[in-house]
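Participant: Sequence first, then the predicted structure:
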Amino acid sequence: MYWRRATTATILRRTMTNHSPLPTPLGDVPTATFRAAMHRVADMVADYLDRVGEYPVLPRIAPGEVRAALPASPPPAPEALDDLLADYRRIIEPNVTHWNHPGFMAYFAITGSAPGILGEMLAAGLNVNAMLWRTGPAPTELEELVTDWLRQMIGLPAAFRGHINDTASISSLLAIAAARHRVNGGDVRTRGMAGRSDLPALTVYASEQAHSSVDKAVITLGLGHENLRKVDVDAEFRMDVAALEQAIAEDRAAGKRPIAIVATAGTTSTTSVDPLRATAAVARREGLWLHVDAAYAGSAAICPEYRALLDGLEEADSVVLNPHKWLFTPVDCSVLLLRDPEAMRAAFALTPEYLRTGDSGVTNLMDYGPQLGRRFRALKLWFVIRAFGVRGLQDRIRAHCALAQEFASWVLAERGFEVCAPHPFSTVCFRAVTGGATASEDALNERILAEVNAAGPVFLSHTRLRDRIVLRLSVGNLRTAREHVAKAWELVRAAAARG
């Protein structure tokens, strides 16, 4: 260490002796240039939101075309910001899948709303890493506040505390990790799981309709994919609680150790809601962690009539919902609410000397997961909730659900079509039927989907239910109106008529 200091000092002395000037910091792009570009970007974003519906939802390009339109090597010299923005407008903007499009009704439709975009831009300007309270006092405390607002909005008890992750995939993984930590008093954190004869297989339970992120979580956590027990569902695609109890009993008899149940409030395929209260009773009786994946339908719970469909949500140990799905917050923003936040902290907290600050009575967000760096995601959610207000958010969710129910009524009234699942929220599963073989009906529905999506004005997705191809229409974008849903139905009917 002394040698390095001496060497550095020698270099500096030589530099000064030779009268060579020290390098002048080059700094950032000039403020005036940046300011002009920011004004232009503001206009570009506002213009895009105004005219996004003029694009086809899916860009009409082939794989590799975007990359081929760009230089293969980085520029050796600086380029003007105006040139960058021109290339963005020419190459990037037209060639994305337009999730902000009013005709985007695939998967779960989303919106990067104007207030959310403002918050995102300001967060980028601040460029905060809120790993510790000390490194981000306002971001940390705003995250605590805005997640508590959300807790109140969906009617969870005051004991719940929240923090923000990127996606529900990570939020669910963290919840299962907290459940794993409770095994053997937390010794998995110290001793791991590999090569241990004293540690039986740890099992997790979810319905066969649960999101694939649960599969990835058990794989990532080293529990083993075969130890995720997929439980049968009932006629409405909800987890069968009797089958759940049987699976747990069988695993205990086989010497395995059940640790967690993942229930879903708004499954990805059908938006069905597992029987949360009955599932919670099983979890309590068996001493298991209950995590509820409410990534989609959790937002609807801000409306009392839809909160009633999630009866028992308050019994969970953890709940995840994604404001970037149906609360109009730009991706990414996933809120994990914990009944006992210390259970999560016990699984992950680790403070090296260089991160010790001596601050007491504060939250250090780095303690609630493996990641150290944390973006200021709370700002955009705060902007969204304040700009729309709870009533404004409720009104928009109700309007989306009403559009979906109207679409379902059109399907039910049309000869040659059927609704394939309950549709309590804003998503409808349906298919064309001919009375012929399943394979030919599946092929027909695949052709309908391909033709509708190729047309440009709308984008739908599909799933498989009872081993049949089913089409899905999901309303969730702020700009989606009745005319867009009607256009989707027009295109579906026309494609079906062509066979």
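Facilitator: Cool, the structure landed.

Participant: Using PDB, write out the CA atom coordinates for stretch 492-499.
Facilitator: The C-alpha coordinates for stretch 492-499 follow below in PDB (Å, rounded to 0.1, in the frame of the first residue of the first chain):
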ATOM      1  CA  VAL A 492     -62.300 -11.600 -34.700                       C
ATOM      2  CA  ARG A 493     -65.700 -12.100 -36.300                       C
ATOM      3  CA  ALA A 494     -64.300 -11.400 -39.800                       C
ATOM      4  CA  ALA A 495     -61.400 -13.800 -39.300                       C
ATOM      5  CA  ALA A 496     -63.700 -16.500 -38.000                       C
ATOM      6  CA  ALA A 497     -66.000 -16.100 -41.000                       C
ATOM      7  CA  ARG A 498     -63.100 -16.600 -43.400                       C
ATOM      8  CA  GLY A 499     -62.400 -19.900 -41.500                       C
END
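
Participant: pLDDT averaged over that stretch - what is it?
Facilitator: For stretch 492-499, mean pLDDT is 95.

Participant: Is His462 part of a helix or strand, or is it coil?
Facilitator: Secondary structure for His462, judged by DSSP: H, G, I helix; E, B strand; the rest coil, is strand.

Participant: Just list whatever residues bridge to it.
Facilitator: Going by DSSP bridges, His462 is paired in beta bridges with Leu471.

Participant: how many neighbours does it have?
Facilitator: A count of nearby residues for His462, using other Cβ atoms under 10 Å, gives 19. To be clear about C-beta, it is placed using only N, CA and C from the backbone, and glycine gets the same treatment.

Participant: So it sits against Arg468, correct?
Facilitator: No. The pair His462 / Arg468 is not scored as a contact, 10.4 Å apart, by Cβ atoms under 8 Å.

Participant: residue boundaries of the strands in the stretch 351-499 of the chain?
Facilitator: 417-419, 427-432, 461-465, 468-474 (DSSP state E, counting those that start in this stretch).

Participant: Which of these sits closest to Pro75?
Facilitator: Closest to Pro75 of the strands of the stretch 351-499 of the chain is strand 461-465 (Cβ to Cβ; 38.5 Å).

Participant: contact partners of the closest one?
Facilitator: Contacts to strand 461-465, defined as Cβ atoms under 8 Å, 6 or more residues apart in numbering, come from residues 106-107, 237, 268-270, 420-421, 429, 445-446, 449, 469-472, 474.

Participant: List only buried entries from these.
Facilitator: 106-107, 237, 268-270, 420-421, 429, 445, 449, 469-472, 474 (16 or more other Cβ atoms under 10 Å).

Participant: Which single one of these is nearest to Ala177?
Facilitator: Closest approach to Ala177 among the buried ones among the contacts of strand 461-465 (Cβ to Cβ): Thr268, at 21.7 Å.

Participant: Can you list phi and psi of the nearest residue to that closest one once chain neighbours are set aside for me?
Facilitator: Spatial nearest neighbour of Thr268, chain neighbours left out: His211 (5.1 Å); criterion: Cβ to Cβ, 6 or more residues apart in numbering. Main-chain torsions, His211, degrees, to the nearest 10: phi -70, psi 150.

Participant: check contacts around His211.
Facilitator: Taking Cβ under 8 Å, 6+ apart, we find His211 in contact with Ala168, Ser169, Ser172, Thr264, Thr267, Thr268, Asp293, Ala295.

Participant: Determine which two of those are furthest apart.
Facilitator: Comparing every pair within those by Cβ to Cβ identifies Ser169 and Thr267 as the most remote, at 15.1 Å.

Participant: And those two? Which one has more around it.
Facilitator: For Ser169 versus Thr267, neighbours defined as other Cβ under 10 Å are more numerous around Thr267 (26 against 20).

Participant: contact partners of the helix or strand hosting Arg189?
Facilitator: Per DSSP states H and E, Arg189 falls inside helix 187-191. With Cβ under 8 Å, 6+ apart as the contact definition, helix 187-191 has outside contacts at Arg180, His181, Leu199, Ala347.

Participant: Out of the residues you listed, which end up buried?
Facilitator: Arg180, His181, Leu199, Ala347.

Participant: name the element the last one belongs to?
Facilitator: For Ala347, the element it lies in under DSSP H and E is helix 341-348.

Participant: With the third one instead?
Facilitator: Assigned by DSSP H and E, Leu199 belongs to no helix or strand.

Participant: now stretch 126-142, how far from the centre of its chain.
Facilitator: Centre-to-centre, stretch 126-142 and its host chain are 22 Å apart (Cα atoms, centre = their mean, to the nearest Å).

Participant: Span of that stretch from start to end?
Facilitator: Start and end residues of stretch 126-142 are separated by 14 Å (Cα to Cα, to the nearest Å).

Participant: residues contacting the nearest residue to Thr357 once chain neighbours are set aside?
Facilitator: Leaving aside its sequence neighbours, Thr357 sits nearest to Arg134 (Cβ to Cβ, 6+ apart; 4.4 Å). Shown in contact with Arg134 (Cβ under 8 Å, 6+ apart): Thr357, Asp359, Val362.

Participant: pLDDT score assigned to the last one?
Facilitator: Think Val362. 96.

Participant: do you know how far it is from Pro352?
Facilitator: 17 Å (Cβ to Cβ, to the nearest Å).

Participant: higher neighbour count, the two?
Facilitator: Between Val362 and Pro352, counted using other Cβ under 10 Å, Val362 has the larger neighbour count: 12 against 7.

Participant: check contacts around that one.
Facilitator: Trp133, Arg134, Thr140.

Participant: Quick one: the helices in the stretch 301-450 of the chain, in order.
Facilitator: For the stretch 301-450 of the chain, the helices defined by DSSP state H, counting those that start in this stretch occupy 304-307, 323-326, 341-348, 378-413, 438-455.

Participant: between the ones you listed, which gets nearest to Trp149?
Facilitator: Here helix 378-413 is closest among the helices of the stretch 301-450 of the chain (Cβ to Cβ), at 6.0 Å.

Participant: Tell me the buried residues in the closest one?
Facilitator: Buried residues in helix 378-413, defined by neighbour count with 16+ other Cβ under 10 Å: 378-385, 387-388, 393-394, 396-397, 399-401, 403-404, 407-408, 410-411.

Participant: And stretch 135-150, by the same measure?
Facilitator: So, applying 16+ other Cβ under 10 Å, buried residues of stretch 135-150: Thr135, Gly136, Pro139, Thr140, Leu142, Glu143, Glu144, Val146, Thr147, Asp148, Leu150.

Participant: and if you look at stretch 474-487?
Facilitator: Ser474, Val475, Gly476, Asn477, Leu478, Arg479, Thr480, His484, Val485, Lys487.
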